[in-house]
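Structure of the sequence below:
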Amino acid sequence: MQPKNPFDWMLSEALDQLTRAERMRQQFGRQDTCWEPPIDVLETEHELLILVALPGVNPDNVETVIHDGVLVISGQRTLPPELRNARIHRLELPQGRFERRIALPLGRYAISRFVMDGCVALRLAKS
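Residues are numbered from 1 along each chain as shown. Model prediction:
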């Protein structure tokens with residue numbers, strides 16, 4: 001019998017601890033957990049443009065609110081009903097509730113949204 005490789009043992013222990021920690025987080029953590037979609041924020045003289053990576057999410061189902069100078073983008077990504085009973089081989093795009101908060105520069109904004117290259121794009125016109 002070969003002696004155990006210390007690196008393999010340490011890696012195995014670390015993965016076991018991460019698994020236990022995730023199980024505890026799910027059991028005792030916040031029930032309203034959500035994920036944060038990646039974003040790009042660009043500013044011109046007349047507007048802020050925010051691109052939110054949400055492939056497969058209808059922009060009409062994305063809520064946007066400005067509260068105390070913070071833009072809150074939220075919604076939910078779910079599997080289409082026809083795929084809910086499918087056997088999943090890999091599921092890398094996050095599912096469930098999402099929320100992203102972005103502090104805005106001082107000012108007043110009019111929000112419009114559209115789809116741009118697989119992203120939900122928010123145009124915040126400066127007023």
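
which stretches of the chain have low pLDDT?
For the chain, the stretches with pLDDT under 70 are 1-4, 22-32.

Let me see the ranges of the helices in it.
Counting by DSSP state H, the segments of the chain that form helices are 6-28.

what ranges do the strands span in it?
39-43, 47-53, 63-67, 70-77, 96-103, 109-116, 119-126 (DSSP state E).

Distance to residue 16 and mean neighbour count added to the ones you listed, as a markdown table?
Heads up, the C-betas are built off the backbone N, CA and C, glycines and all. Output for those, formatted as a markdown table (distance: least, Cβ to Cβ, whole Å; neighbours: other Cβ atoms under 10 Å):
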| stretch | distance to residue 16 | mean neighbour count |
| --- | --- | --- |
| strand 39-43 | 34 | 13 |
| strand 47-53 | 32 | 19 |
| strand 63-67 | 39 | 12 |
| strand 70-77 | 30 | 17 |
| strand 96-103 | 25 | 14 |
| strand 109-116 | 43 | 13 |
| strand 119-126 | 38 | 19 |
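
Now render those as TSV, adding distance to residue 18.
Shown next, in TSV, are those (distance: least, Cβ to Cβ, whole Å):
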stretch	distance to residue 18
strand 39-43	27
strand 47-53	25
strand 63-67	32
strand 70-77	24
strand 96-103	20
strand 109-116	36
strand 119-126	31
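
Of those strands, give the one that comes closest to residue 10.
strand 96-103 (32.5 Å; Cβ to Cβ).

Need the residues that contact that closest one.
32-37, 39, 41, 50, 52, 54, 69-78 (Cβ atoms under 8 Å, 6 or more residues apart in numbering).
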